[in-house]
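**Student:** Just the structure for this:
(one chain, ligands or ions: 1)
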Amino acid sequence: MNLTFYKYQGTGNDFVMIDNRQQVFDKNNTKHIAFLCDRRFGIGADGLILLENHDTCDFKMVYFNADGNESSMCGNGGRCITAFANFLGVIKNEATFEAIDGLHKATIDKGLVHLQMQDVNNIEQHKTHVFMDTGSPHHVQMEADLSAFDVKFFGRKIRQGSPYNEKGSNVNFVSKISEEKFGVRTYERGVEDETLSCGTGVTAVALAMNYIGETEKNLITLQTEGGDLQVSFEKADKGYQNIWLIGPATQVFKGTI
Ligand SMILES: N[C@@H](CCC[C@H](N)C(=O)O)C(=O)O
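**Tutor:** Down below sits the predicted model:
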């Protein structure tokens with residue numbers, strides 16, 4: 001049977017999107033999901049997302065990395081599925097949906113999707129980097145010159161090394177452009193490569209830059225290889241709350257496979 005899919009991208013982080021409200025998709029077939037995400041033999045994407053029915057929320061998001069495994073939260077994917085739900089008529093301009101890390105609110109305003117992220121209460125500051133979980137685990141490390149930096153080589157080394165080991169972490173390299181703007185390049189676990197943008201990654205970068213005193217601002221622009229995202233937040237007792245990831249989310253094409 002042919003499978004209908006949609007392709008979405010949010011600042012170049014791209015996803016195969018499937019309307020699974022009728023439970024048509026086999027979630028346990030890791031090889032098939034990896035095939036659909038393969039850029040040479042399949043459709044090609046950084047991940048695959050299912051939109052499913054939910055008893056009390058507008059919808060449920062199920063996220064798989066390009067390697068075919070279900071993974072933790074995807075921020076750009078959360079913005080893209082909100083645009084997809086709007087396209088399907090499941091929501092108007094506001095949504096509450098469930099993802100693997102809990103409930104998320106989202107709004108669509110002037111072509112941008114605003115996605116509320118979970119509060120962050122545990123931030124580890126180390127000599128060379130900051131580590132936190134923004135729905136997915138993120139290592140944040142400053143580098144002076146991002147343009148010449150080998151993100152794939154060093155990202156993979158950090159992702160596979162101690163203390164992350166087999167479970168791994170996403171790895172973000174950051175350079176300061178100004179008090180309100182930082183450049184970011186991310187190596188993504190489960191894609192095992194640099195992606196053009198990572199939503200939970202830029203969220204971690206914005207919070208980390210505030211946490212270590214690189215900025216006093218609470219609305220920060222993150223310049224990724226795929227375009228600009230914004231993150232706003234409030235300081236809380238132990239960390240940060242009312243965290244929003246803001247940026248475009250675009251349908252690229254529809255197909256059957
Ligand atoms: N691209 C995502 C992050 C997806 C999850 C990540 N690869 C992991 O397995 O931790 C984003 O936009 O947040």
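**Student:** So which bits of stretch 183-197 are buried?
**Tutor:** By neighbour count with 16 or more other C-beta atoms under 10 Å, stretch 183-197 contains the buried residues 183-192, 194-197. (C-beta placed from N, C-alpha, C; glycine too.)
**Student:** With stretch 131-151 instead?
**Tutor:** By neighbour count with 16+ other C-beta under 10 Å, stretch 131-151 contains the buried residues 131-142, 146, 149, 151.
**Student:** re earlier: so which of the buried residues of stretch 183-197 reach the ligand?
**Tutor:** 188-191 (C-beta under 6 Å from any ligand atom).
**Student:** Looking at these, which is nearest residue 11?
**Tutor:** Nearest to residue 11, judged by C-beta to C-beta, of those is residue 188 at 13.3 Å.
**Student:** The ones next to the ligand among the buried residues of stretch 183-197: which two are farthest apart?
**Tutor:** Between all members of these, the farthest pair (by C-beta to C-beta) comes out as 189 and 191, at 7.4 Å.
**Student:** Is residue 213 in a helix, a strand, or coil?
**Tutor:** Of the three states, residue 213 takes coil under DSSP: H, G, I helix; E, B strand; the rest coil.
**Student:** returning to what we had before: mind checking which of the buried residues of stretch 131-151 are in helices?
**Tutor:** Restricting the buried residues of stretch 131-151 to those inside helices, with DSSP state H as the criterion, leaves residue 151.
**Student:** near the ligand too, which of the buried residues of stretch 131-151?
**Tutor:** Taking C-beta under 6 Å from any ligand atom, the overlap between the buried residues of stretch 131-151 and the neighbourhood of the ligand is residue 136.
**Student:** For the stretch 1-150 of the chain, which segments count as helices?
**Tutor:** Listed in chain order, the helices of the stretch 1-150 of the chain (DSSP state H, counting those that start in this stretch) span 30-37, 75-88.
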